[in-house]
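> have a look at this prediction, sequence included:
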Amino acid sequence: MVLSGAQVRDIAWLARLQIDEADIGQYAAELSRVLELIRQMNEVDTDDVIAMAHPTDAVQRLRADKVTEVDQREKLQALAPLAESGLYLVPRVIE
């Protein structure tokens, strides 16, 4: 499928993109190549292909969920300019 300049302008308008008139020919050619690739991929017979989430049966190795650091909350909050009831107080940013 070969796109015309008018089709590229329509696509740009729908996508709310501003394209220079000098670049429309290049965009038309590149988008036409993408659409041609998609057409070729649609022609491939995938009826016997099994859907999979990953090309290998990889399993993610998870580490044990255990605490590895000591609690330093009091020490860190003592360094904060303002803290109250275990919370850091910061200036209001939304009015």
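Yep, it's here.

> this protein: helices as residue ranges?
5-14, 24-43, 73-79 (DSSP state H).

> average pLDDT across the last one?
Which is helix 73-79. On average, the pLDDT along helix 73-79 is 92.

> next: the first one.
On average, the pLDDT along helix 5-14 is 96.

> can you list the buried residues in that helix?
Buried residues in helix 5-14, defined by neighbour count with 16 or more other CB atoms under 10 Å: 7-8. To be clear about C-beta, it is placed using only N, CA and C from the backbone, and glycine gets the same treatment.

> so it versus helix 24-43, what angle?
Helix 5-14 runs at 90 degrees relative to helix 24-43, counting by axes from the mean of the first three to the mean of the last three CA atoms, to 10 degrees.

> which strands or helices does helix 5-14 pack on?
Where contact means 3 or more CB pairs under 8 Å, 6 or more residues apart in numbering; DSSP states H and E, helix 5-14 is packed against helix 24-43.

> now the helix it packs on: buried residues?
By neighbour count on 16+ other CB under 10 Å, the buried set for helix 24-43 is 24, 27-28, 31-32.

> so which of the helices of the chain is nearest residue 60?
Minimum separation from residue 60 across these (CB to CB) falls at helix 24-43, 29.3 Å.

> how far does that closest one sit from the chain's center?
Taking CA atoms, centre = their mean, to the nearest Å, one finds helix 24-43 lying 23 Å from the centre of the chain it belongs to.

> who are the packing partners of it?
helix 5-14.

> centre of the chain versus the helix it packs on, how much separation?
Offset of helix 5-14 from its chain centre (CA atoms, centre = their mean): 24 Å.

> kindly export it (C-alpha atoms) in PDB.
Extracted C-alpha coordinates of helix 5-14, given in PDB (Å, rounded to 0.1, in the frame of the first residue of the first chain):
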ATOM      1  CA  GLY A   5       0.700  13.100   0.600                       C
ATOM      2  CA  ALA A   6      -3.000  13.800   1.400                       C
ATOM      3  CA  GLN A   7      -3.200  10.600   3.500                       C
ATOM      4  CA  VAL A   8      -0.100  11.500   5.400                       C
ATOM      5  CA  ARG A   9      -1.600  14.900   6.100                       C
ATOM      6  CA  ASP A  10      -4.800  13.300   7.400                       C
ATOM      7  CA  ILE A  11      -2.800  10.900   9.600                       C
ATOM      8  CA  ALA A  12      -0.800  13.800  11.000                       C
ATOM      9  CA  TRP A  13      -3.900  15.700  11.700                       C
ATOM     10  CA  LEU A  14      -5.500  12.800  13.500                       C
END
